[in-house]
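1. model the following, please.
(one chain, ligands or ions: 1)
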Amino acid sequence: MSEESMTPEEILDGIRKMRIRGAAEIGRRASLAIRLHAEGTLVSDKGEYISDIKRFARDALSTRPTAVTLWTGVTMTLRGIEDARDSEEVLERIRVNSERFINESKLAIGAIAEMAAKRVPNDATILTHCNSTAAVATILRAHELGKVKMVYATESRPKRQGLITARQLSERGVPVTLIVDSAARFHMKSVDIVIVGADAVASNGAVINKIGTSQIALIAHERRVPFMVVAETIKFSPHTFKGELVKIEERDASEVVDLKDYPGVAVSNPVFDATPADYIDAIVTEVGVIPATAAYEIVLHNEGVKVLSNLDFSGGWSGAV
Ligand code: RI2
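-> This next block holds a predicted model:
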């Protein structure tokens with residue numbers, strides 16, 4: 001189904017069920033869903049119209065609790081609507097904001113890939129985890145530069161998004177070897193650099209990414225293998241700047257096993273973990289390469305001190321709307 005032919009509710013359902021996935025992509029799709037919802041519900045009473053759009057935006061925020069990109073996408077899409085003269089102008093602002101957010105977040109990937117590929121050594125063996133658009137773009141750019149010898153792609157249980165990575169790379173002629181997650185330490189001895197994406201970056205530089213990322217970072221650290229994160233600035237969390245912790249999404253046990261076959265067995269399925277700044281050599285963003293400990297500067301760059309001090313996060317993730 002094409003993006004434009006899905007209803008706003010279908011988009012949110014697709015994000016919740018992970019038919020639509022990838023941290024940046026869900027932010028872009030949530031922004032599109034808000035625009036489509038606003039287009040389909042225009043009423044002349046501005047207050048009523050904005051309340052209804054905000055209700056939909058809160059639904060969008062609840063679909064994937066860890067993703068800062070949802071919050072950023074929603075906040076940027078709704079920016080300035082309260083100051084609009086009437087409902088028509090509310091809609092026009094949403095259209096302009098949404099188009100800008102989507103375009104800029106796509107452009108960011110190219111800028112990141114260009115910079116990050118420079119940090120890939122010649123004749124490199126790379127290990128990547130899960131399926132990150134930014135990481136795949138970086139590897140493809142490094143491949144174009146003739147730098148890639150082999151990519152180890154982890155399977156990434158439970159949903160096995162690593163298979164998408166393996167296929168995307170292989171289709172573009174990159175030599176790729178699929179490995180199970182538990183083989184990461186076995187293969188690390190031949191790896192020159194680890195490249196992963198991010199779902200969120202906290203103000204202390206901790207990177208929240210697919211479950212298993214922190215184990216890979218520990219293994220890379222043990223073997224002195226550089227660990228590079230590629231992440232758009234829309235993933236940097238202003239909430240953590242204000243003291244909140246990133247909520248780690250726990251998904252349904254059925255993604256791990258069929259519980260019918262394991263009566264009495266409890267299953268835990270956290271889908272992300274946090275890698276401390278100490279294990280990260282660099283975060284490559286579209287505005288430059290930073291040490292993870294400088295994440296705070298990116299939050300300031302995005303939000304500004306004045307805006308940050310005025311933002312009301314009292315409602316947690318939904319505080320913005
Ligand atoms: P891009 C994904 O989350 C993976 O954890 C991936 O590393 C991260 O988003 C970043 O992906 P999920 O949606 O934004 O699979 O770089 O839970 O595409």
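2. secondary structure class of P121, three-state.
-> For P121, the assignment made with DSSP: H, G, I helix; E, B strand; the rest coil gives coil.
3. return the per-residue confidence for it.
-> P121 is assigned a pLDDT of 98 by the prediction.
4. tell me the contacts of the closest residue to it other than its chain neighbours?
-> Among residues not flanking P121 along the chain, D192 sits closest, at 5.2 Å (C-beta to C-beta, 6 or more residues apart in numbering). Using the backbone N, CA and C atoms, a C-beta is placed for each residue, glycine as well. Each residue near D192 by C-beta atoms under 8 Å, 6 or more residues apart in numbering is listed here: V120, P121, A124, T125, I126, V225, P226.
5. what about A38, neighbour count?
-> Around A38 there are 27 other residues, counting by other C-beta atoms under 10 Å.
6. all strands of the chain, in order?
-> Under the criterion DSSP state E, the chain contains strands at 124-128, 148-154, 176-179, 193-196, 200-201, 207-210, 227-230, 272-275, 282-285, 288-290.
7. of those, which is nearest the ligand?
-> strand 207-210 (3.5 Å; C-beta to the nearest ligand atom).
8. for the stretch 101-250 of the chain, just list every one of the helices.
-> For the stretch 101-250 of the chain, the helices defined by DSSP state H, counting those that start in this stretch occupy 133-144, 162-171, 184-188, 213-222, 238-241.
9. any idea how far M188 is from the ligand?
-> M188 is 19 Å from the ligand, where distance means C-beta to the nearest ligand atom, to the nearest Å.
10. so can I have a markdown table of the helices of the stretch 101-250 of the chain showing mean neighbour count and mean pLDDT?
-> Listed next are the helices of the stretch 101-250 of the chain as a markdown table, based on neighbours: other C-beta atoms under 10 Å; pLDDT from 0 to 100:
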| stretch | mean neighbour count | mean pLDDT |
| --- | --- | --- |
| helix 133-144 | 23 | 98 |
| helix 162-171 | 18 | 98 |
| helix 184-188 | 16 | 98 |
| helix 213-222 | 20 | 98 |
| helix 238-241 | 21 | 88 |
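11. looking at those, which is nearest to N97?
-> N97 sits nearest to helix 238-241 of all these, at 17.5 Å, using C-beta to C-beta.
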